[in-house]
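Visitor: What follows is a predicted structure for the sequence shown.
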2 protein chains.
Amino acid sequence: MTVVQQEISHPTRDELELSAVLHALSDPVRLKIVAALASEAEQPCASFDVPVTKSTCTHHFKVLREAGVIRQRQEGTSRLNTLRRDDLEARFPGLLDSVLHSA
Amino acid sequence: MTVVQQEISHPTRDELELSAVLHALSDPVRLKIVAALASEAEQPCASFDVPVTKSTCTHHFKVLREAGVIRQRQEGTSRLNTLRRDDLEARFPGLLDSVLHSA
DNA sequence: GACGTTGTACGATGATTGCCGTACCTTATC
DNA sequence: GATAAGGTACGGCAATCATCGTACAACGTC
């Protein structure tokens, strides 16, 4: 049976909301994920060293994605994550850098 | 009857936590309060135009104060609020400015 | 002293959050 | 086809959150 690839929805650049981004970044686990993404380009979910289970990880990635902090794309069985640096910089100049620098 | 002035506790500069600050800033009401504080120096709680009741306001000021974003001092019956610009800048350089600029 | 102003304290409530386990889907490999 | 790996979906749970109303405390002013 053929199944249509499930779409992964992301907010567009102009849909990004400051409070949602700040909220996404305010969790220590998510902050660690973002910091890891900042230093290494594209990584699957499993490559992050965080003290939570798989399902909790899925939850955190969803929060980050829906806030527009990261972008996810499917590749085989794994979901590759990237930081949306450009979009964040365009909407909230300097924010990501200051957070990463302080993390 | 003499009553001792209740102390208002604030975290010291080196006790500030990034996730607590980000969380404090991630609420629209609190963000509005912070933005207003950024443009006018010292203001009593009642001077903010936010769509919540007094008791909710007290709650938000407490969150901001305990995260170290603002400092409160008593003056008569009113509580005067100031932004802890210097402390925030020292611990999280550029963060406050980028948030305020995007708000 | 009575009253008005400013703000806190103390519940209460409904929504959201962070976390988990289990079940399942998809893809790749044997 | 069976198995393993990477993730998601769903449901549940305990904790936190944002909000409110009511009561009250501190200070000024009449």
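Guide: Sure thing, it's come through.
Visitor: before we move on, what SS does A:R79 have?
Guide: Classification of A:R79 by DSSP: H, G, I helix; E, B strand; the rest coil places it in strand.
Visitor: Neighbouring strands of the lowest-mean-pLDDT helix or strand in chain A in the sheet, and parallel or not?
Guide: Across the helices and strands of chain A, the lowest-confidence element by mean pLDDT, DSSP states H and E is strand A:43-44, at a mean of 92. Taking DSSP bridges as the criterion, strand A:43-44 sits next to strand A:78-83 (antiparallel) in its sheet.
Visitor: Mind checking if the partner strand is in reach of DNA strand C?
Guide: No - applying CB under 7 Å from any atom of the strand, one finds strand A:78-83 out of contact with DNA strand C, separated by at least 8.8 Å. (C-beta placed from N, C-alpha, C; glycine too.)
Visitor: What lies in contact with that strand?
Guide: The contact list for strand A:78-83 (CB atoms under 8 Å, 6 or more residues apart in numbering or on different chains) reads A:8, A:33-34, A:37-38, A:41-46, A:61, A:69-74, A:96.
Visitor: Same question for stretch A:96-103.
Guide: Residues outside stretch A:96-103 that contact it (CB under 8 Å, 6+ apart) are A:25, A:31-32, A:34-35, A:38, A:83, A:85, A:88-89, B:18, B:22, B:91-95, B:98.
Visitor: These in strands, which ones?
Guide: If you go by DSSP state E, the contacts of stretch A:96-103 have A:L83 in strands.
Visitor: Buried ones only from the contacts of stretch A:96-103, please, as a ChimeraX command.
Guide: Provided next is the ChimeraX selection string for whichever of these are buried by 16 or more other CB atoms under 10 Å in any protein chain shown:
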select /A:25,31,32,34,83,88 /B:18,22,91,92,94,95,98
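Visitor: The contacts of stretch A:96-103 also near DNA strand D: which ones?
Guide: Residues of the contacts of stretch A:96-103 in contact with DNA strand D (CB under 7 Å from any atom of the strand): none.
Visitor: Which of the contacts of stretch A:96-103 fall within helices?
Guide: Judged by DSSP state H, those include A:25, A:31-32, A:34-35, A:38, A:85, A:88-89, B:18, B:22, B:91, B:95, B:98 as members of helices.
Visitor: what's the farthest-apart pair in those residues?
Guide: Using CB to CB, the pair of the ones in helices among the contacts of stretch A:96-103 lying farthest apart is A:R85 and B:R91, separated by 23.2 Å.
Visitor: Next, the buried residues of the helix or strand just after the least confident helix or strand of chain A.
Guide: Toward the C-terminus, strand A:43-44 is succeeded by helix A:54-67 as the next helix or strand (DSSP states H and E). Going by neighbour count (16+ other CB under 10 Å), the buried part of helix A:54-67 is A:C57, A:H60, A:F61, A:V63, A:L64, A:R65, A:A67.
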